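A.B. asks: I need the structure of the sequence given here:
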Amino acid sequence: MAVRSVELDHIFICVTPGAPEASRLIDLGFIEGTPSRHPGQGTANRRFFFRNSMLELIWVDDEREARSPQTARTNLYGRWNRRGDGACPFGLCSRPSPGAATDAPFEGWEYRPKYLPPPLAIDIADDGGGVMEPMLFHLGFGKRPDASIATPRNLDAVRLTMPNAAGASAQLASFCDALGVSLVPGPAFKLELTFDAEAAGVSADLEPELPLVLRW
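C.D. replies: Now for the predicted structure:
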């Protein structure tokens, strides 16, 4: 089997300001990590770290910053604002696999937000499917959470359901293939995350609060 040059760093879901949806994860025993705000980008988050990845619940908390010239090209505001009106609420982020080159696995552009110290940058893919597909981005400086995490779960599999999956852009299909993310058609946007080979035999559907199914 070929060694992947990239691996999944984290997934985001656009949510209600303050992310009250996080309570569903907490009730299931998932331990919340430290939240953060992105100065200049106009977004904030609540985060759940796993051994090899992270789930980010993100929202716009400053519309002016989110729609500023520096941030507008990311489409974060449009994706968040239209999350209940046809836009895909997800983002998929990669990082280099251990020992691999740090290059992004797609054609795109460098985003240098105010909250990142130079020379760090986020590689963002050109929007092949616009906000109708997940935001695709890459952290060339990304590292596994591992020992810094509170929840020792390992994310084994990601399944992304999309109404337009059959007509997905070549860029999305290639990125999902590189990350081992399954892309399937369905009536609505939904993520299914599988942890620890489903050793406990437990599953939870967090809809309608979150378009998310968890199995562990």
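
A.B. asks: C-alpha coordinates for stretch 10-20, PDB please?
C.D. replies: The C-alpha coordinates for stretch 10-20 follow below in PDB (Å, rounded to 0.1, in the frame of the first residue of the first chain):
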ATOM      1  CA  HIS A  10      -9.000  18.400  11.400                       C
ATOM      2  CA  ILE A  11     -12.600  18.900  10.300                       C
ATOM      3  CA  PHE A  12     -14.800  21.900  11.000                       C
ATOM      4  CA  ILE A  13     -18.500  22.300  11.100                       C
ATOM      5  CA  CYS A  14     -20.200  25.700  10.900                       C
ATOM      6  CA  VAL A  15     -22.500  26.200  13.900                       C
ATOM      7  CA  THR A  16     -24.600  28.600  15.900                       C
ATOM      8  CA  PRO A  17     -22.700  31.400  17.600                       C
ATOM      9  CA  GLY A  18     -21.300  30.100  20.900                       C
ATOM     10  CA  ALA A  19     -21.600  26.600  19.600                       C
ATOM     11  CA  PRO A  20     -24.400  25.300  22.000                       C
END
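
A.B. asks: who's in contact with that stretch?
C.D. replies: 21-22, 45-46, 53-61, 79-80, 83, 89-93, 135, 158, 191, 193, 210-212 (Cβ atoms under 8 Å, 6 or more residues apart in numbering). C-beta: built from backbone N, CA, C; applies to glycine.

A.B. asks: Which of the residues you listed fall in strands?
C.D. replies: If you go by DSSP state E, those have 45-46, 54-60, 90-93, 135, 158, 191, 193, 212 in strands.

A.B. asks: give me the element the residue most central in space within the chain is part of.
C.D. replies: Centre of the chain computed as the mean C-alpha position; nearest residue by Cα atoms, centre = their mean is residue 11, 2.0 Å away. Residue 11 is part of strand 6-14 when elements are defined by DSSP states H and E.

A.B. asks: That strand - what's its average pLDDT?
C.D. replies: Here strand 6-14 scores 98 as its mean pLDDT.

A.B. asks: Could you do stretch 38-58 as well?
C.D. replies: Rounded mean pLDDT across stretch 38-58 is 96.

A.B. asks: Pull out the buried positions in that stretch.
C.D. replies: Residues of stretch 38-58 classed as buried: 38, 40-58 (neighbour count, 16 or more other Cβ atoms under 10 Å).

A.B. asks: Distance check, residue 82 against residue 131.
C.D. replies: 6 Å (Cβ to Cβ, to the nearest Å).

A.B. asks: Of the two, give the one with the bigger neighbour count.
C.D. replies: Taking other Cβ atoms under 10 Å, residue 82 and residue 131 do not tie; residue 131 has more neighbours (22 against 16).

A.B. asks: Surely the more buried one touches residue 78?
C.D. replies: Yes: counting by Cβ atoms under 8 Å, residue 131 touches residue 78, with 5.2 Å between them.

A.B. asks: Need the residues touching each of the two.
C.D. replies: In contact with both residue 131 and residue 78: residue 87, using Cβ under 8 Å, 6+ apart.
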